[in-house]
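Engineer: Give me a model of this one.
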Amino acid sequence: MDNFRPTILIADDEVKERKVLALNLKNKYEVLEAGNGEEAVDLIEKNKVHLVLTDMKMPRMDGLELLKRIQKYYKNIPVILITAFGSIENAVEAMKMGALDYITKPINVEELERLIEKSLNYGKLLEENLKLKEKIKKYEGFNEIITINPEMKKIMELIAQVADTPANILIEGESGTGKMLFANAIHYFSNRADGPFVEINCGAIPHDLLESELFGHERGAFTGAVATKKGKFELADGGTLFLDEIGELPLDLQVKLLHVLEKQKFTRVGGTKFLTTNARIVAATNKNLKEEVEKNNFRQDLYFRLKVVYLKIPPLRERKEDIPLLVEHFLKKYKDLKHGELLTVSEKALKILENYSWPGNIRELENVIQQAIIFSKDGRITEKQLPEEIVENYTSEDDEEIPLTKDELHELRKIKTEKIISRIEKKFLLTLLKKTKGNISKAADISGYDRRQLQNLIKKYSIDPNIFR
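Structural biologist: Model prediction:
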């Protein structure tokens, strides 16, 4: 590294002056020579250039045009302009355009070397800053993923390893585990980070509209198609297309999606012209797609096409060591609910949160913390601000009341029995709503309750069915 010699490109159509400059600089630097701006651009494209020293007036492409080209495509290369004394005004104008400095003819070699060293140091800072920005940009993808869990760390390492490849990625995990965050991380860690990130929830759009959303439609393709519309595949070209809830995709559209993945081309609804796509596919589901394949609900060939890389996101109950970190994260996120005052959680409240099974995963935890902040006094969250069903689920021998009389024992038995029944009822409801994704009508059909009875039970335990959707 001590023998490193920066490369300087001298662009000047005056051969004699160029050769004299090159001779004076060759002791300290690697020197490239160009007779005009076009030759200079060609040399920059083929070599690692650390600084450009260019005359203002040259044929074919002058110094100003060369400066513009470098500013557009090679921003980390500093430029020093060589100008005649009478053209200093032009050199000053060039500095406003991005030139780092200028030197007038006849050139003083000592002054030039001083300018070169200053410019090279600046160029080094520019390059380091560029690398730092790239590094920060990469890590931005993981900003929202809060974890110390070993399995989660492995997933993050895998993402960093495969993000730059074109491989399709399938993410499986329960509702609320943060599959969208991982899809974002894949995009921002990839070489497509400057391209679009386009998402579509395959389970949230009616079947008759879903094809148009995915592939677009031509004007007049169906009633209401008053103009040509681009689909998600077109919008995601050069970037990432996130197909959320891919397990809900109807079988007929699975066939069309498979065709796109195999051929990299498609037609809009009502169109005949083939369009190509270079979108990287990341798909996510809260279903077990392998089981869906066995049930003939999902095509096996599409399953294998999507599952080139497979990520299984663990539920929150399997990474309880992350709960304190997540709680702290949500306290910071929602501090404005208490006008920015310091928010804290009591030790017992945190134990209760760590003990709970979190069927709605991180989304449910976030909702609970948000609600607790709103009802907290002086920003202090205790068990009193937590939902009753979460507190009732908590059992600790240290917190047990010890009766001293027969009546106290009888009363405690009654309380404990009611709590056990409530806990079972609550778990029954949570399991039911999870299975039906919060659909109360389906839950009523499965359970044998009528819809009104089920709604009353849900209201009794303050359950929000939306966390399962």
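Engineer: hey, where'd the strands end up in the stretch 351-469 of the chain?
Structural biologist: Per DSSP state E, counting those that start in this stretch, the stretch 351-469 of the chain carries strands over the ranges 380-381.
Engineer: mind showing which ranges of it have poor pLDDT?
Structural biologist: Within the stretch 351-469 of the chain, the stretches falling below the threshold (pLDDT under 70) are 395-401.
Engineer: Where do the helices of it begin and end?
Structural biologist: 361-375, 388-392, 406-435, 440-447, 451-460 (DSSP state H, counting those that start in this stretch).
Engineer: can these go into JSON lines with extra columns for distance to Leu243 and mean neighbour count?
Structural biologist: All C-beta spots, glycine's among them, are computed from the backbone N, C-alpha and C. Supplementary listing: the helices of the stretch 351-469 of the chain in JSON lines, determined by distance: least, C-beta to C-beta, whole Å; neighbours: other C-beta atoms under 10 Å:
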{"stretch": "helix 361-375", "distance to Leu243": "20", "mean neighbour count": "19"}
{"stretch": "helix 388-392", "distance to Leu243": "33", "mean neighbour count": "18"}
{"stretch": "helix 406-435", "distance to Leu243": "22", "mean neighbour count": "14"}
{"stretch": "helix 440-447", "distance to Leu243": "24", "mean neighbour count": "16"}
{"stretch": "helix 451-460", "distance to Leu243": "31", "mean neighbour count": "14"}
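Engineer: Which one, of the ones you listed, ends up nearest to Leu302?
Structural biologist: Across the helices of the stretch 351-469 of the chain, the minimum distance to Leu302, taken as C-beta to C-beta, is reached by helix 406-435, at 24.6 Å.
Engineer: next one: that closest one to chain centre, how far?
Structural biologist: The offset between the C-alpha centroid of helix 406-435 and the centroid of the whole chain comes to 42 Å, using C-alpha atoms, centre = their mean, to the nearest Å.
Engineer: Now stretch 150-166 - C-alpha only, CSV.
Structural biologist: Once non-C-alpha atoms are left out, stretch 150-166 reads as follows in CSV (Å, rounded to 0.1, in the frame of the first residue of the first chain):
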residue,chain,number,x,y,z
PRO,A,150,-29.8,-16.5,16.7
GLU,A,151,-32.3,-17.8,14.1
MET,A,152,-33.2,-14.3,13.0
LYS,A,153,-29.5,-13.4,12.7
LYS,A,154,-29.1,-16.4,10.4
ILE,A,155,-31.9,-15.2,8.2
MET,A,156,-30.3,-11.7,8.0
GLU,A,157,-27.0,-13.2,7.1
LEU,A,158,-28.7,-15.3,4.4
ILE,A,159,-30.4,-12.2,3.0
ALA,A,160,-27.0,-10.4,2.8
GLN,A,161,-25.6,-13.4,0.9
VAL,A,162,-28.4,-13.8,-1.7
ALA,A,163,-29.7,-10.3,-2.1
ASP,A,164,-27.5,-9.5,-5.1
THR,A,165,-28.5,-12.6,-7.0
PRO,A,166,-31.6,-12.7,-9.3
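Engineer: Okay, buried residues for it please.
Structural biologist: By neighbour count with 16 or more other C-beta atoms under 10 Å, stretch 150-166 contains the buried residues 152, 155-156, 159-160, 162-163.
Engineer: Need the helices of the stretch 351-469 of the chain in a markdown table (columns: distance to Tyr122).
Structural biologist: As requested, these are exported to a markdown table (distance: least, C-beta to C-beta, whole Å):
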| stretch | distance to Tyr122 |
| --- | --- |
| helix 361-375 | 45 |
| helix 388-392 | 57 |
| helix 406-435 | 59 |
| helix 440-447 | 65 |
| helix 451-460 | 65 |
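Engineer: any low-confidence regions in this structure?
Structural biologist: Judged by pLDDT under 70, the stretches of the chain that qualify are 1-2, 85-87, 129-143, 340, 395-401.
Engineer: Which helix or which strand is home to the residue nearest in space to the middle of it?
Structural biologist: In the chain, the C-alpha nearest the mean C-alpha coordinate belongs to Asn184, at 2.5 Å (C-alpha atoms, centre = their mean). Using DSSP states H and E, Asn184 falls within helix 179-189.
Engineer: How far off centre is whatever helix or strand comes next after that helix?
Structural biologist: For helix 179-189, the following helix or strand on the C-terminal side (DSSP H and E) is strand 197-201. Using C-alpha atoms, centre = their mean, the mean C-alpha position of strand 197-201 is found 12 Å from that of the whole chain.
Engineer: Now do the buried residues in the following helix or strand past strand 197-201.
Structural biologist: Past strand 197-201, further along toward the C-terminus, the next helix or strand under DSSP H and E is helix 207-215. Applying a neighbour-count criterion of 16+ other C-beta under 10 Å, the buried positions in helix 207-215 are 210-215.
Engineer: and if you look at stretch 307-321?
Structural biologist: Buried residues in stretch 307-321, counting neighbours by 16+ other C-beta under 10 Å, are found at 307, 309, 311, 313-316, 319.
Engineer: Could you check how far the closest residue to Gly98 other than its chain neighbours is from Asn288?
Structural biologist: With C-beta to C-beta, 6 or more residues apart in numbering as the criterion, Gly98 has its nearest non-adjacent residue at 4.4 Å, and that residue is Gln71. Using C-beta to C-beta, to the nearest Å, one gets 53 Å for the distance from Gln71 to Asn288.
Engineer: likewise Glu144?
Structural biologist: If you go by C-beta to C-beta, the gap between Glu144 and Asn288 works out to 26 Å.
Engineer: What ranges does the stretch 101-250 of the chain have for its strands?
Structural biologist: Using DSSP E, counting those that start in this stretch, strands in the stretch 101-250 of the chain cover 101-104, 169-172, 197-201, 216-217, 229-230, 240-244.
Engineer: which residues touch the first one?
Structural biologist: Translated: strand 101-104. The contact list for strand 101-104 (C-beta atoms under 8 Å, 6 or more residues apart in numbering) reads 80-85, 88, 91-92, 94-95, 111-112, 115, 118-119.
Engineer: rerun at 7 Å
Structural biologist: Around strand 101-104, the neighbours that count as contacts under C-beta atoms under 7 Å, 6 or more residues apart in numbering are 80-85, 88, 91, 94-95, 111-112, 115, 119.
Engineer: quick one, domains of the protein?
Structural biologist: The domain map for the chain lists 7-137, 150-314, 317-400, 401-469, with the assignment taken from automatic domain parsing.
Engineer: so how far is the last one from its chain's centroid?
Structural biologist: Here domain 401-469 shows a centroid-to-chain-centroid distance of 37 Å under the convention C-alpha atoms, centre = their mean.
Engineer: ok, back up a step: got the phi/psi numbers for the residue nearest to Gly98?
Structural biologist: When quoted as degrees, to the nearest 10, the phi and psi of Gln71 stand at phi -60, psi -30.
Engineer: for the buried residues of stretch 307-321, which one is nearest Ala40?
Structural biologist: Compare each of the buried residues of stretch 307-321 with Ala40 using C-beta to C-beta and the shortest gap goes to Val309, at 43.4 Å.
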